[in-house]
Each structure stands twice: as C-alpha cells, then as structure tokens.
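[1] Generate coordinates for the sequence data below:
(2 chains)
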Amino acid sequence: MNSSFKFRKFKNIFFMSLFALSSLFVLIPLFLIFKYVFMMGATSLNFDFFTQLPMPVGEDGGGMKHAIWGTLTMVGIAASVAVPLGLFCGIYLSEFDKSPLANALRFCIDLLTGVPSIVIGIFAYILVVVPFKSFSALAGSFALGIIILPILTRSTEEILKLVPAHMKEAALALGMPRWKVIYYIVVRSNLSALITGMMLALSRAAGETAPLLFTAFGTRFLSFDLQSPMASLPVQIYTYAISPFDDWQRQAWAGAFVLIILVLGLNLLSRCLINYKAIIDFFKKGSP
Amino acid sequence: MNTNTETDLEVKNLHAWFGQFHAVKGISVVYPKQSINAIIGPSGCGKSTFIRCLNRIHEEVPGARSEGEIILKGVNINAPNIDPVSIRRQIGMVFQKPNPFPSLSIFENTIIGLKLQGVRQKAKLMEAAETCLRKAALWDEVKDKLHQQGTSLSGGQQQRLCIARALAVNPSVLLMDEPTSALDPIASAKIEDLMSDLKKEFTVVVVTHNMQQAARIADYTSFYILGEMIEHGLSSEIFTNPKVPQTEDYITGRFG
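    Residues are numbered from 1 along each chain as shown, chains lettered A, B, ... in the order given. Got it, this is the predicted structure:
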C-alpha cells in the first residue's frame, strides 16, 4: 500500500468523523431542550392545566385553558387566510417562475421572510390595533398570518420545483389543460410534502411571542370575542416565566411542554393523515 | 411497404426558435396515413424540436416559438386560434425516457388521459385500459397486477405503458422521440414490433439515433442537419441509394 493511498484513506476517515461529530453537536441542543422541558414541564402538568383558568397568585392549581384555546383560535384564523394565499403564491412562483410579476413577488416574499417578528407585531399594531382602538385576537391573527405567508410560499415553491419537467410534459402531451396538469400532476402528487411545509409554517406561527405581545396582548380569561384581547401560550409562558412566583414559573414550564407537544402533535397528525391511504392500501393489498 | 398515399399530416415551411436560436429552419414534409416516418440526424440537428412542434408542446418552453403551417386532416393546427390542448389529444407523444406518473398504478396511468377528459364510468375505463394495453403489447404481462405502481415495471414495460397511455386518448398521429434509446436491445425490438402493429391504425413519426432501426421499420426517412432537412424519401432509397453526399456520409458513419 503506497503512502498517497494511505493519506487518502486517512482524509476520508477524518472528514467522515467530522461530519458525524457535527451532526452530534446539532442534536445536543435539541435533546437538552426536550429533556429540560420534559423534566420541568411534565411534572408540573396535570389535568387542571387543560381545564382551568389561571388562579390568583398564592392559590394552588389553575391552568392555561384560555391560552391553549387562544393559540388554536388565532393560528386557525391566520391559517385560514394565509394557507390558501401562500399555496397559490407558491404554485404561481413555481409554474410561472420567469414572469416579471413572479420575480417581483419572489423578491417581496424574501424581504418579508427577513423581517423580524417584532417588526411584524408593530406593523399589525399600527394597522389593526390603532384604528380599532383595542388589542384584539384579530390583530394577533393578522400578525401570525404575515409570519406564515412567506414561509409557506417559499416552501411550496421549492417543493413544486422538484417536479421534473418531463412529468409535466408527459401530462401536457396527453392533452391535459395546464390547470389540470398543475392540479393533478404537480400538486396532488406532492400533497404530503406540501402539508409538511404547511405544518412547519403553522408551528412557527404557533410558537411566536413577539408579534402577539402588542396585538392580541393577553388576558386572564377565556375569550371568544375576536375583537378583544386574547391569551396565547407563548405570551402566557412569557408572562409567567418572568414572574417572581414559583408556581407561576412551574406553570410556564408546563405551558412550554404543552406548546411543544401541540406543535409536534400537529406535525405527526398531518403526516398520519397523508399516509392514511397508503396504510389502508397496504393492509388491503399487502403492497404499497 | 406502405402503399397508402392519402395524406394525414402535412408540414409547410416550419420554423422554430428558442429565444434567438433558430433551431428548425423551414421544413416542409408530407406524412402519408398509416406510415412510419423516421427522422435521423446528428445530435442538435433540430429533430426533437421539430416533432415537439407537431403537437405544439415546443411552445410550452419559455421563450420558444414556431412559425409555419402544420396541416392535420385539412386544418392548420399551428394557427393561434387553435387550442393546443385539443391538438395534443389528436397527436399523441412518447418520450425518450419512460415517464409513467410515479404516484399512479398501471391501470390509472393508462387511463389518466381519458379520466381527466371526464370519463367516469368504471366499465368504460376498464375496457379502454385493456384495449390500449393490448395494443401496446403489455396486457399479458400486467393483467394480474394492474393496481401496482407504474414505476414498478421494467424500463421496456414502462415505455410500452407510456405508449398505451398515449393511445388511450385516441390520437390519429403518434410522435415518438427516441423511444428506444433508453432501452436494451430486446426491449427495443419489442417496441419496434409494436410500432409496426401501430402503423395499421396510426401515422407514426419517430426520431431515432439508431439508423438500423430506421431502416428496419420506417417507410419514409428524413435526414436533418443543423435544423434543415437534407433529404427525405423512401427508407429503401435513403439507405441504399442516398442522393445527397452528406446523407451518405452520415449513414455510412463517416460523419456525425
């Protein structure tokens, strides 16, 4: 074995271990976060957390029912507008990617992705809170929608661009109108990836604190009124975590744990729904 | 040998561009009904672009355009008022690389064209699938696994599936862009046999790099260089007695 070959082998091993080590380093913070949140959060968690409103300082128990409800409501309202909009923009960008409008749109979306979330909060404050003279759930949803929009648009665009041109050509050559090609060949065959992209954007919005601080503001009560302040898990966690009270801090950990589970659960659920058909098919026919 | 002199498809002075690049330079040719027409020529001579103009899929590439007349059954289909979608249902196309839709089963791949045209009755679709798969000489190999994915088949089978898929929308002309260049000799031979069968019902235009293939199956052969048609005629004459020296150089392997 000559020396240059040995050196090459050494380089190979060296870089392989470098890559493995980097991957480990990336995983460490993730595991630590999970471990701490689980240790601190799961122990403070009980059934009351989901069914009770906050108790005054000093009284035991209480929960964050109102904040869980608030997060689900505001993310839901934001998604109902931003998800279709983001999907359509993403489809437009991937299918008509050379048009001047698409280039302008892509540039704006990139800028929007770079805007800090606190700035989006201020923007929503000026645009919704000030004219209506009140913090409101709608203002919070508006801010969250602006968070979702650019993430979803770009992820949709990137996913759909992976569809090979020859697939689209095959469909066009069968005499399919362009919209059917986009719907059946481009979108339908990538549904699971699109849903994953959507869930990532929604989880991102569900975890945002800054845009909600001065839009939805927060409340101690369960609110169904979209025009008044509404609590949310991140803001509630923030309020409780900076408080000097021990039981509030424990509740903050529990809230963090619930938030992670919520986001993770949404992700897993969506994947299961997408794979549902494949699973059924598997049991029916014994092949995917 | 083809004896049919009735014209199915006629091309008059067809030009095609990609942006500024002039890829096809004024080609005029007549394709008789129920014939196999081969197009040969060195890479980059515009032969693929030419047949992609015939079903107007060339214009789907950004910046690409074509000019000239393509007359199918007496109508110029290269006119702006003609919907390319309706043209592509009359002129089917098979591509170089087998490209069945990956998420669909063999059955769904075969009838997707019909299904998206609005045909919903199960019995009708099933009948169409069997007919087309039989025409594509694939039925016996797949009849027991119609619900497996189209991509689970071998390359040659996938290509025949693509042919069946193109036949299902009931075209009168079938364009084939190097349909066997990604296949092994045995699979290629099956496709060639299939083309000879298809000729009874369809007018076939096939681009090929394989001159033996053109000589074996084509009634007429055209030879292209740099976007121009150098020679066109009966295959028997092109391959035994070419009139243009460049054709002779190419088919004898001295050029190209």
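[2] Give me the residue ranges of the chain where confidence is low.
    You didn't pick a chain, so chain A it is. Scanning chain A for pLDDT under 70 picks out A:1, A:274-288.
[3] The chain in question should be chain B.
    Chain B contains residues with pLDDT under 70 at B:1-5, B:255-256.
[4] Tell me which residue in it sits closest to chain A.
    At 3.5 Å from chain A, residue B:89 is the closest residue in chain B, using C-beta to the nearest C-beta. Any C-beta I mention is one placed from the backbone N, CA and C, and that applies to glycine too.
[5] what's the helix or strand for the spatially closest residue to residue A:81 that is not a sequence neighbour?
    Leaving aside its chain neighbours, residue A:81 sits nearest to residue A:145 (5.5 Å; criterion: C-beta to C-beta, 6 or more residues apart in numbering or on different chains). Using DSSP states H and E, residue A:145 maps to helix A:137-161.
[6] Next: residue A:172.
    For residue A:172, the enclosing helix or strand under DSSP H and E is helix A:165-173.
[7] what about that helix, distance to the chain center?
    33 Å (C-alpha atoms, centre = their mean, to the nearest Å).
[8] Other residues contacting that helix?
    Contacts to helix A:165-173, defined as C-beta atoms under 8 Å, 6 or more residues apart in numbering or on different chains, come from residues A:178, A:180-181, A:184-186, B:55, B:57, B:60, B:88, B:92-93, B:95, B:97, B:99, B:101-102, B:162, B:166.
[9] buried residues in stretch B:135-150?
    Residues of stretch B:135-150 classed as buried by neighbour count (16 or more other C-beta atoms under 10 Å in any protein chain shown): B:135-139, B:141-142, B:146, B:148-150.
[10] Kindly tell me how buried the residue of chain B closest to chain A is, as a neighbour count.
    19 (other C-beta atoms under 10 Å in any protein chain shown).
[11] Surely it touches residue B:168?
    No. Residue B:89 is beyond contact range of residue B:168, at 10.3 Å (criterion: C-beta atoms under 8 Å).
[12] which residues does the closest residue to residue A:227 other than its chain neighbours contact?
    Distances taken as C-beta to C-beta, 6+ apart put residue A:136 closest to residue A:227, at 4.9 Å, once the chain neighbours are dropped. Going by C-beta under 8 Å, 6+ apart, residue A:136 touches A:128-129, A:215-216, A:226-230.
[13] how far away is residue A:58 from residue A:246?
    11 Å (C-beta to C-beta, to the nearest Å).
[14] ditto for residue B:173
    Here the criterion is C-beta to C-beta. By it, residue B:173 lies 81 Å from residue A:246.
[15] higher neighbour count, these two?
    With neighbours defined as other C-beta under 10 Å, residue B:173 and residue A:246 compare such that residue B:173 has more, 22 against 8.
[16] check contacts around residue 145.
    Here I'm looking at chain A. Neighbours of residue A:145 in contact, by C-beta under 8 Å, 6+ apart: A:77-79, A:81-82, A:205.
[17] Can you look at chain B instead?
    By C-beta under 8 Å, 6+ apart, residue B:145 lies in contact with B:106, B:152.
[18] for it, helix, strand, or coil?
    Three-state assignment for residue B:145 (DSSP: H, G, I helix; E, B strand; the rest coil): coil.
[19] Might one say that residue B:6 is in contact with residue B:33?
    Yes. Between residue B:6 and residue B:33 a contact is recorded at 4.5 Å, counting by C-beta under 8 Å.
[20] how about the residues of the stretch 151-256 of chain B that lie near chain A?
    By the rule C-beta under 8 Å from any C-beta of the partner chain, the part of the stretch 151-256 of chain B lying against chain A is B:162, B:165-166, B:169.
[21] give me that answer again for 6 Å
    Near chain A, the residues belonging to the stretch 151-256 of chain B are residue B:169 when assessed by C-beta under 6 Å from any C-beta of the partner chain.
[22] What parts of chain A come near chain B?
    A:98, A:166, A:170, A:172-177, A:180, A:189.
[23] again, only using 7 Å
    Within reach of chain B by C-beta under 7 Å from any C-beta of the partner chain, chain A has these residues: A:98, A:166-167, A:169-170, A:172-177, A:180, A:184-185, A:189, A:285, A:287.
[24] Name the residue of the stretch 1-150 of chain A that lies nearest to chain B.
    Nearest residue of the stretch 1-150 of chain A to chain B (C-beta to the nearest C-beta) works out as residue A:98 at 4.9 Å.
[25] coming back round to it: okay, and which of the contacts of helix A:165-173 map to helices?
    Mapping these onto helices (DSSP state H) picks out A:178, A:180, B:88, B:162, B:166.
[26] What subset of those is buried?
    Applying 16+ other C-beta under 10 Å to these flags A:180, B:88, B:162, B:166 as buried.
[27] The last one - nearest residue in space that isn't next to it in sequence?
    The shortest distance from residue B:166 to any non-neighbouring residue, by C-beta to C-beta, 6+ apart, is to residue B:92 (3.5 Å).
[28] Contacts only, for residue B:163.
    By C-beta atoms under 7 Å, 6 or more residues apart in numbering or on different chains, residue B:163 lies in contact with B:94, B:136, B:194.
[29] which strands and helices sit next to the strand or helix carrying residue A:16?
    For residue A:16, the element it lies in under DSSP H and E is helix A:3-37. Counting contacts by 3 or more C-beta pairs under 7 Å, 6 or more residues apart in numbering or on different chains; DSSP states H and E, helix A:3-37 packs against helix A:246-285.
[30] For the helix it packs on, what is the distance to the chain centroid?
    Taking C-alpha atoms, centre = their mean, one finds helix A:246-285 lying 12 Å from the centre of the chain it belongs to.
[31] how about it: buried residues?
    Within helix A:246-285, the residues scored as buried using 16+ other C-beta under 10 Å are A:247-260, A:262-263, A:266-267, A:270.
[32] same deal with stretch A:154-165?
    Under the neighbour-count criterion of 16+ other C-beta under 10 Å, stretch A:154-165 has A:154-157, A:159-160, A:163 buried.
[33] ok, how many other residues are close to residue A:116?
    Residue A:116 is flanked by 10 other residues according to other C-beta under 10 Å.
[34] how far away is the residue nearest to residue A:227 from residue A:118?
    Distance, residue A:136 to residue A:118, by C-beta to C-beta: 18 Å.
[35] secondary structure element for the residue in the stretch 151-288 of chain A that chain B sits nearest to?
    Residue nearest to chain B within the stretch 151-288 of chain A: residue A:175 (3.5 Å; C-beta to the nearest C-beta). Taking DSSP H and E as the definition, one finds residue A:175 inside no helix or strand.
[36] part of a helix, is residue B:67?
    No. Using three-state DSSP, the secondary structure at residue B:67 is strand, not a helix.
[37] Look up the closest residue to it, ignoring the ones flanking it.
    Once flanking residues are discounted, residue B:67 sits nearest to residue B:15: 4.7 Å by C-beta to C-beta, 6+ apart.
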